[in-house]
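# model the structure of this input:
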Amino acid sequence: MAKIDLDSLSIEEVAALRDNATDKLMEKVAARRAELEAELEKLAQYDRPAKKSAAIAPVLKPKKADEPIAKEPLAKESLAKEPTAKEPVSKAA
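Residues are numbered from 1 along each chain as shown. The predicted structure follows:
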């Protein structure tokens, strides 16, 4: 690759170089993306649907002893555990 002395270029030349480099980069990215998409399409023929029974565990019904306890008593207990508001500390002068 040829080296370019950027210091010897004018602002307009450096800006044009930047624009050309950006355009070339976008072209290369688009070409590579097309290659990868074509490869993915080839690989898609080997896809198998996943077994749903292995992926999802069966849901068990709760027994009467396992039923959740009402949330209201828990809320009262959590309020009782919260610290009470402290009196403001006076600033030392």
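# CA atoms for contacts and neighbours, from now on please.
Will do.
# and the strand or helix carrying residue 38, what does it pack against?
Element membership for residue 38 (DSSP states H and E) is helix 11-44. Contact here means 3 or more C-alpha pairs under 8 Å, 6 or more residues apart in numbering; DSSP states H and E; on that basis helix 11-44 packs against no helix or strand.
# low-confidence regions, the chain specifically.
Within the chain, the segments meeting pLDDT under 70 span 50-60, 62-93.
# let's see that with 90 instead.
Counting by pLDDT under 90, the ranges of the chain that qualify are 1-2, 4, 47-93.
# buried stuff in the helix holding residue 38?
Judged by neighbour count (16 or more other C-alpha atoms under 10 Å), helix 11-44 contains no buried residues.
# C-alpha coordinates for stretch 3-18, PDB please?
Taking C-alpha atoms only, stretch 3-18 is exported to PDB below (Å, rounded to 0.1, in the frame of the first residue of the first chain):
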ATOM      1  CA  LYS A   3       2.100   5.800   1.900                       C
ATOM      2  CA  ILE A   4       0.500   9.200   1.700                       C
ATOM      3  CA  ASP A   5       2.100  12.200   3.300                       C
ATOM      4  CA  LEU A   6      -0.900  13.700   5.000                       C
ATOM      5  CA  ASP A   7       1.000  16.800   6.100                       C
ATOM      6  CA  SER A   8       1.700  17.700   2.400                       C
ATOM      7  CA  LEU A   9      -2.000  17.500   1.500                       C
ATOM      8  CA  SER A  10      -4.400  20.500   1.600                       C
ATOM      9  CA  ILE A  11      -7.500  20.400   3.800                       C
ATOM     10  CA  GLU A  12      -9.700  19.700   0.800                       C
ATOM     11  CA  GLU A  13      -7.500  16.800  -0.300                       C
ATOM     12  CA  VAL A  14      -7.500  15.300   3.200                       C
ATOM     13  CA  ALA A  15     -11.300  15.700   3.300                       C
ATOM     14  CA  ALA A  16     -11.700  14.000  -0.100                       C
ATOM     15  CA  LEU A  17      -9.400  11.200   1.000                       C
ATOM     16  CA  ARG A  18     -11.500  10.700   4.100                       C
END
